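# I'll drop the sequence and a predicted model, then ask my questions.
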Amino acid sequence: MIRAVMATSIVLAGLLAGGCHSAAPGPVDVAPGQYQRAFEAAKESLRESYFQLDRIDAAAGVITTQAKTTGGLMTPWDPDQSSARQEWEDMLNQQSRVVRVWFAPVDPAADVRDDLRTYTGPVRADIEVVVLRTARPNWRVQTKAVTMSRFTRDPAAIERGIGYNYDVPETRDPKLGARLGAAIRERLAKENAAPVEAAPNR
């Protein structure tokens, strides 16, 4: 009975977590002259979502993150999942997410002179989230005693520099990408709406 109640509670928690996330679709459109503000807003929005930044290249308009692991239903405090199914998948598999944000001029023929910071026209930010799953192809589980499980050796994989465990792209997560985009829009709108302090009289 106790196990049944606990299982039901976990399922309800996953359904609630999945239903609480709303997101604005599509890329983030940035008005002329607002690129650097938008770039900073993207950085801060990723940090607020507990992603560790990896590449930060304002000249190229690219931000990437390190892989962020999650336990799904086992870590109900993380905000990455957008549905009960994702909660289950993250719990049953060792998965992580990486984010890539890249800015580019709305006009593909625009001349940015190898540095987007010098461009004053409208730009657009696309957000891509990729779910990585840890693969263990050489792990042989012993059903009688887990402690007797062993890794096999694959000479071909060793020659290619592939270890016992490695991450493979499993799928994209457009819902999380959309929520991150909405967070960037909201932060940028607040910054633009903030009153500018007048310079002191001298």
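Nice, I can see it.
# Determine the longest helix present in the chain.
If you go by DSSP state H, the chain has its longest helix at helix 174-193.
# Show the residue spans covered by the helices in the protein.
For the chain, the helices defined by DSSP H cover 2-19, 35-48, 84-92, 155-159, 174-193.
# Can you list the buried residues in the third one?
Just to be clear, that refers to helix 84-92. 84, 86, 87, 88, 89, 90, 91 (16 or more other C-beta atoms under 10 Å). (Glycine included, C-beta is placed from N, CA and C.)
# So for these, which is the shakiest by pLDDT?
When the buried residues of helix 84-92 are compared by pLDDT, residue 90 scores lowest at 77.
# That residue - nearest residue in space that isn't next to it in sequence?
residue 72 (3.0 Å; C-beta to C-beta, 6 or more residues apart in numbering).
# hang on, isn't that neighbour packed against residue 81?
Yes - counting by C-beta atoms under 8 Å, residue 72 touches residue 81, with 6.5 Å between them.
# which one of these two has more residues nearby?
residue 81 (26 against 23; other C-beta atoms under 10 Å).
# thinking again about what came up before, just give me the closest of the buried residues of helix 84-92 to residue 123.
Nearest to residue 123 among the buried residues of helix 84-92, counting by C-beta to C-beta, is residue 86 at 30.5 Å.
# how far away is that closest one from residue 57?
30 Å (C-beta to C-beta, to the nearest Å).
# Which single strand of this structure contains the most residues?
Ranked by residue count and defined by DSSP state E, the top strand of the chain is strand 123-135.
# Run me through the strand neighbours of that strand, direction for each.
Looking at strand 123-135 with DSSP bridges, its partner strands are strand 28-30 (antiparallel), strand 95-105 (antiparallel), strand 166-172 (antiparallel).
# avg pLDDT for stretch 57-66?
Per-residue scores along stretch 57-66 average to 97.
# Give me the contacts around it.
35-36, 39, 42-43, 46, 51-56, 98-104, 114-117, 123, 125 (C-beta atoms under 8 Å, 6 or more residues apart in numbering).
# and that stretch, which residues are buried?
Judged by neighbour count (16+ other C-beta under 10 Å), stretch 57-66 contains these buried residues: 58, 60, 61, 62, 63, 64, 65.
# got a markdown table for those, with distance to residue 193 too?
Formatted as a markdown table, the buried residues of stretch 57-66 follow (distance: C-beta to C-beta, whole Å):
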| residue | distance to residue 193 |
| --- | --- |
| 58 | 23 |
| 60 | 29 |
| 61 | 24 |
| 62 | 27 |
| 63 | 23 |
| 64 | 29 |
| 65 | 27 |
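# What is the nearest of those residues to residue 182?
residue 63 (16.5 Å).
# what about the closest one, distance to residue 194?
Per C-beta to C-beta, residue 63 is found 23 Å from residue 194.
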